[in-house]
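Colleague: Return a 3D structure for these sequence lines:
(one chain, ligands or ions: 1)
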Amino acid sequence: MSSKTVYFQGVSEGNQEHFLERTLLVNYLTINEYLFTNDLKKADVVICDTCLFYYEDSIKTIDYLNNNRNSNALFIVTGVLSSRKGLIKDREGIIFLLNEELDHLDSILGVTHPFNTINQPFVNQFGLYSIYIAKGCYQDCTFCVDKYGFGQLRSLDPDDIIALFKRGLEDKHERFSFVAQNTAIYGWDIGTNLAALLNRILKISGNYRIGLDCMNPEFLSYADELRPILKSGKIDSMRISLITVTDRLIKLVGKDFKMQDFMSFLSWMERYCSTTKITLILIIGYPGESFNDFKIMLEFILRHSRAHVTFTTYEYKDIYFAESYHLKDKLDKAHIKIRSMLVDIILKITKKYRMQSGKATLIKKRLSKIISESSSYDEIAQGLLHVSKQLDPPDEVLTVLSYKTLYMIEVGGRLSSEVL
Ligand code: SF4
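Modeller: This is a model prediction of the structure:
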């Protein structure tokens, strides 16, 4: 057995694709008989997997590892920060590799099992069997920094995916997840698409359910092919990066779809596929998001939030390396924060009343009226407080939230005089 040791440090937990990419790297090192160590000084190889989104933390980690490693150790920096070597240019002796260049490790480390032969899949502690169906992306989302590290779209051959899937079934797995940087564009580089792949998979009999992670709305371009697949009941969940909900902002985000088409698809899903869990990802406070856009987002959340449609929201983070950094009409942090707090309250309310359809409809109606008639943050917050007092019996969630609401009335009143 090789006596080589490796110290591996990842910066930030990252999302599902980052996690899979990191797991692939760890598997590669393990298969090539590297031993993982916590002793930085004794490691023969030090690997730091970085993230451009958290580039300051990435640089700090690189400096710490570089200053404390054995000077004879190989120091390899992987991940998206490698696309911006200029940020770390004064450090000597570091090998930088983008995610799409990880196969260069074969010659750097002189290993016997090449990177590209490392078999998936990945099984987590809950038994979820994930298959990484494609790497890279050729979309151009303006907030994205991953595209600088993951390279062009490289879809896995459908036969290989099917072989991995069958292996999972043989191992008695029932919950599968298909993951990519952008699962919706799987196959576009090899003359196929996700619907064609799923049609082949669904011909395989078995008691399984599949989750589709990192779906972007590009799937709308072949929605008609997807509908029968979704109706089969085999698709357990879809996690969709919607990001925003008005056509003007969709353009600024760099995506190419019409909100009306997405809404029709969502209504169809709600009607025919009510067991498929949908998670919609939104970014709050995108550059150019007007107060009116924000109200449309709140109403969209109110209208669609239900047992099988949930939302994950993020506050917009301005990253120098993202194209969105150069967009006009950026909101300052105070506005983003107050918008995020209002979204949070609406989400908590919709979550609480999700199962009580009669009451939920009434509250949603009242809130929707408040939102549409408000012209400032504090008016929305006042309305929330008003609804909480009108409820019989008084609503404990809204009462607790009213502390936040009062803050919003005060701060929101000031900020509202400067809304876009
Ligand atoms: S779909 Fe957009 S956010 Fe996702 S990897 Fe591609 S460019 Fe980045």
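
Colleague: domain ranges for the protein?
Modeller: 5-117, 122-329, 332-420 (automatic domain parsing).

Colleague: Going by mean pLDDT, which of those domains comes out lowest?
Modeller: Across these, domain 332-420 has the smallest mean pLDDT, namely a mean of 75.

Colleague: With mean neighbour count added, can I get the domains of the chain in TSV?
Modeller: Quick note: C-beta positions are derived from backbone N, CA and C, even for glycine. As requested, the domains of the chain are exported to TSV (neighbours: other CB atoms under 10 Å):
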stretch	mean neighbour count
domain 5-117	17
domain 122-329	18
domain 332-420	17
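
Colleague: ok, now which ones touch the residue nearest to Phe53 when sequence neighbours are not counted?
Modeller: Using CB to CB, 6 or more residues apart in numbering and skipping residues adjacent in sequence, the residue nearest Phe53 is Val145, 5.7 Å away. Contacts for Val145 (CB atoms under 8 Å, 6 or more residues apart in numbering) come out as 52-53, 80, 319, 321-322.

Colleague: Helix, strand or coil: sort out Val145 for me.
Modeller: Secondary structure, DSSP: H, G, I helix; E, B strand; the rest coil: Val145 is coil.

Colleague: May I have the phi/psi pair for it?
Modeller: phi -110, psi -10 (degrees, to the nearest 10).

Colleague: now it: how far from the ligand?
Modeller: According to CB to the nearest ligand atom, to the nearest Å, Val145 and the ligand sit 8 Å apart.

Colleague: Leaving out the residues flanking it, which one is nearest to Ile363?
Modeller: Counting by CB to CB, 6+ apart, the residue nearest Ile363 is Tyr353, at 5.6 Å.

Colleague: thought that neighbour was touching Lys359?
Modeller: Yes: judged on CB atoms under 8 Å, Tyr353 makes contact with Lys359 at a distance of 5.6 Å.

Colleague: out of the contacts of Val145, which one sits closest to Phe126?
Modeller: Nearest to Phe126 among these is Phe53, at 26.0 Å by CB to CB.

Colleague: returning to that earlier point: if we check the ligand, which of the contacts of Val145 are in contact?
Modeller: Among the contacts of Val145, no residue lies close to the ligand (CB under 6 Å from any ligand atom).

Colleague: Serialize these to a markdown table and add fields for secondary structure.
Modeller: Compiled in a markdown table, the contacts of Val145 are given as follows (three-state DSSP):
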| residue | secondary structure |
| --- | --- |
| Leu52 | coil |
| Phe53 | coil |
| Val80 | helix |
| Ile319 | coil |
| Phe321 | coil |
| Ala322 | coil |
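
Colleague: Save these as a markdown table, and put in distance to Ile162 too.
Modeller: Below are these laid out as a markdown table (distance: CB to CB, whole Å):
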| residue | distance to Ile162 |
| --- | --- |
| Leu52 | 34 |
| Phe53 | 34 |
| Val80 | 31 |
| Ile319 | 38 |
| Phe321 | 38 |
| Ala322 | 36 |
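
Colleague: List the contacts of the residue nearest to Gly93 when sequence neighbours are not counted.
Modeller: Among residues not flanking Gly93 along the chain, Phe75 sits closest, at 6.2 Å (CB to CB, 6+ apart). By CB under 8 Å, 6+ apart, Phe75 lies in contact with 46, 48, 65-66, 69, 93-95.
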